[in-house]
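Chemist: here is my input, please return the structure:
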Amino acid sequence: MGNNSTGQLGDGSTTNQPVPVQILPSGVQSAAAGSSHSLFVKTDGSLWAMGYNLSGQLGDDTNTSRPTPVRILASGVRSVAAGSLHSLIVKTDGSLWAMGYNAKGQLGDGSTTDRSSPVLILAGGVQSVAAGASHSLIVKTDGSLWAMGRNSAGQLGTGTVDSHSSPVQILTSGVQSAAAGLAHSLVVKTAGSLWAMGDNATGQLGDGTTTNRISPVQILASGVRSVAAGDAHSLVVKTDGHLQSMGSNASSQLGDGTPIRRTIPVQILAGGIRVPRGRRIV
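Modeler: Modelled structure (predicted):
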């Protein structure tokens, strides 16, 4: 459902849909949505894509937009992430592949050249990935955090605002998962602590300020299960099932019943949010 101007819903049209329309009757394992393109992984490990493709973000070796799903890889895909105009793929062997817009090095292949088909970034050891507007985050199986792409607000967490076209290590161990927003990043460590870096103009990092952070800063010491990052707001699911949010609230996206931005996490729901470990909110 939603905007379908470039066929990103995959229903064969470019008509916006205000209610859910069925695209496939069964067999889908997971999905990811970029600005105007969509990816999904089937239970057989195949990867499919639809929507806007001017930068090659669908990975079908063309720059032609697709209003219906096109198969990109026949098997071996574990998970995917979609940025504004780029896509990341984690295969079952732990390798990382990427395609699409690469002007800021967000694909991590050491160049700033767009790629219209998947290119190998890392040969193995990748647990999960997150794609922001123009930056990417990698959590490896050893618990280390890596990042690449645009870094204008410090969203890579390197301690500088220099962009990187190859993965750079940010944290050496203890990372469970990560989320990437427009220009900010969130990190959950295995002990349940929450860390954040990058753009903080609307308080989306949750550290009580509106100051950008170029290195990870601790937001919560414990009790965090998973996180999600929007353009300028963030959501936190606690291990007790509570939902918290922070950042921009101009469209009431924080869910606290006000249009007031929040610079620290504010509780939205008391319990009842169940996200199994290893899953993420999208």
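
Chemist: quick one, phi/psi of A228?
Modeler: Torsion angles at A228 (phi, psi; degrees, to the nearest 10) stand at phi -140, psi 150.

Chemist: against A178, how distant is it?
Modeler: A228 sits 11 Å away from A178, going by CB to CB, to the nearest Å. Heads up, the C-betas are built off the backbone N, CA and C, glycines and all.

Chemist: give me the common contacts of these two.
Modeler: Residues touching both A228 and A178 (CB atoms under 8 Å, 6 or more residues apart in numbering) are L186.

Chemist: quick check: the residue lying closest to G34 once chain neighbours are set aside vs T14, distance?
Modeler: Nearest residue to G34, sequence neighbours excluded (CB to CB, 6 or more residues apart in numbering): A82, at 3.6 Å. According to CB to CB, A82 stands 19 Å off from T14.

Chemist: in terms of neighbours, single out the busier of these two.
Modeler: A82 (24 against 15; other CB atoms under 10 Å).

Chemist: leaving out sequence neighbours, find the closest residue to T158.
Modeler: Nearest to T158 is V168, by CB to CB, 6+ apart, at 5.9 Å.

Chemist: pretty sure the one you found contacts A147?
Modeler: Yes. Judged on CB atoms under 8 Å, V168 makes contact with A147 at a distance of 6.1 Å.

Chemist: settle it for me: which of those two has more neighbours?
Modeler: Counted by other CB under 10 Å, V168 and A147 do not tie: A147 has more neighbours, with 27 against 16.

Chemist: what strand or helix carries that one?
Modeler: Here A147 sits within strand 145-149, counting by DSSP states H and E.

Chemist: right, and the helix or strand after that strand?
Modeler: Assigned by DSSP H and E, the successor of strand 145-149 is strand 164-171.

Chemist: just the mean pLDDT for that next one, thanks.
Modeler: What strand 164-171 shows for mean pLDDT is 98.

Chemist: residues making contact with that strand?
Modeler: 102, 104-105, 107-112, 121-122, 138, 144-149, 151, 156-158, 187, 216.

Chemist: now the closest residue to L156 other than its chain neighbours: how far from V236?
Modeler: Nearest residue to L156, sequence neighbours excluded (CB to CB, 6+ apart): A147, at 4.0 Å. Counting by CB to CB, the gap from A147 to V236 is 20 Å.

Chemist: check G10 too.
Modeler: From G10 over to V236 (counting by CB to CB), the distance is 31 Å.

Chemist: low-confidence bits of the stretch 51-200 of the chain, can you list those?
Modeler: Across the stretch 51-200 of the chain, nothing is flagged by pLDDT under 70.

Chemist: the strand holding A147 pairs with which strands, parallel or anti?
Modeler: Next to strand 145-149 in the sheet, as set by DSSP bridges, lie strand 135-140 (antiparallel), strand 164-171 (antiparallel).
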